[in-house]
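1. Below are the sequence and a predicted model; questions follow.
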Amino acid sequence: MSTAQNRTAIITGASRGIGAAVAQRLARDGFYVVINFAANAAEAESLATRIQSAGGKALAVRADVSDPAAVRALFAEAEAVYGGIDVLVNYAGIMQLAKIADATDEMFDRHIAVNLKGVFNCLREAAKRLRSGGLGLPLPSTDTAGSGAGVAGTGSDPIFPAPTPTPEITVKGKKTIKTKATTVKIKGTAVGQKVVIKYKAKPGKNVTKHVSIKSNGQWQFKFKPQVKDTTLKFYAQSSDGARSGTQKVKVVKTND
């Protein structure tokens, strides 16, 4: 991620332990943090208060991660309060120790429900909801109370491919350019993989050109007018073929 400002992180099992420490660190780094808890409401609210007192943004939300409906509600509340979600840190987990001879089916089922299915529930919801630019690499946990799932997001992870942003384009400057120059530079900003330019070079000859969009969103096209006036059509296109709306620029050659 390029910046933590206005980014939101959900940390499950964050009322205490490593989960709480992660929440505090992310808040110090500028993230809005959602502190998930299942039972320790007082500790979760206390942590949220401490983060807020230090100038951060924090929200405590109860949700049992083994319950898919509760996980959906957790993500929905984070989106409603902060406008979107960028990072998920899975630290919700249980470890009820017992000799294997004394372990009950209920104890085993509860561990699987929280530590395995709970992680799946959260990762599945993250895959649907996380905004582009998040993290996508699972991190192992050494916390005995943690689930060991770490962070998931929308990066290069093949399980969580980054959603393709909706293409957008802006052409800077006048919509009609009158010029004596042999070359005209047309600039703008765009979201997508490339800018497509279509125009009529001369009677009976239609031309299509492509220019790449830089990482900062800027693009530039150098155009050499061959006829008295030409209307150029610009649109941005993403890697999956989606297109933005079209913007037009008319270039008129003059002798004055």
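-> On my side now, so go ahead. Numbering: from 1, shown residues only.

2. in stretch 114-123, what counts as buried?
-> For stretch 114-123, burial by neighbour count (16 or more other CB atoms under 10 Å) applies to Val114, Asn115, Lys117, Gly118, Val119, Asn121, Cys122, Leu123. In short, each C-beta sits where N, CA and C put it, glycine included.

3. and the fourth one, what is it in contact with?
-> Yep, that's Gly118 we're talking about. By CB atoms under 8 Å, 6 or more residues apart in numbering, the contact set of Gly118 is Thr12, Asp64, Val65, Ser66, Val71, Asn90, Ala92, Gly93, Ser147.

4. Wasn't it part of a strand?
-> No. Gly118 is assigned helix when assessed by DSSP: H, G, I helix; E, B strand; the rest coil, not a strand.

5. Tell me how far it lies from Ala54.
-> Distance of Gly118 to Ala54, given as CB to CB, to the nearest Å: 29 Å.

6. just to revisit the earlier point, save the buried residues of stretch 114-123 as a markdown table, and put in pLDDT and distance to Asp240 too.
-> Formatted as a markdown table, the buried residues of stretch 114-123 follow (pLDDT from 0 to 100; distance: CB to CB, whole Å):
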| residue | pLDDT | distance to Asp240 |
| --- | --- | --- |
| Val114 | 90 | 37 |
| Asn115 | 88 | 36 |
| Lys117 | 91 | 32 |
| Gly118 | 91 | 32 |
| Val119 | 90 | 29 |
| Asn121 | 93 | 28 |
| Cys122 | 91 | 27 |
| Leu123 | 90 | 23 |
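
7. Which of those sits closest to Gly173?
-> Nearest to Gly173 out of these is Leu123 (CB to CB; 45.7 Å).

8. In three-state terms, label that closest one for me.
-> Per three-state DSSP, the local secondary structure of Leu123 is helix.

9. what are the ranges of the helices in this protein?
-> Secondary structure of the chain by DSSP state H: the helices cover 17-28, 41-53, 68-82, 105-111, 118-129.

10. Would you mark the buried spots in the shortest one?
-> What it means is helix 105-111. Residues His111 are the ones in helix 105-111 that count as buried (16+ other CB under 10 Å).

11. Kindly reformat the helices of the chain as JSON lines containing distance to Lys228.
-> Shown next, in JSON lines, are these (distance: least, CB to CB, whole Å):
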{"stretch": "helix 17-28", "distance to Lys228": "59"}
{"stretch": "helix 41-53", "distance to Lys228": "64"}
{"stretch": "helix 68-82", "distance to Lys228": "53"}
{"stretch": "helix 105-111", "distance to Lys228": "77"}
{"stretch": "helix 118-129", "distance to Lys228": "53"}
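
12. Which of those helices sits closest to His210?
-> Across the helices of the chain (criterion: CB to CB), the nearest stretch is helix 118-129, sitting at 31.4 Å.

13. That closest one vs helix 68-82, what angle?
-> For helix 118-129 against helix 68-82, the angle by axes from the mean of the first three to the mean of the last three CA atoms, to 10 degrees is 50 degrees.

14. Sounds good, over and out.
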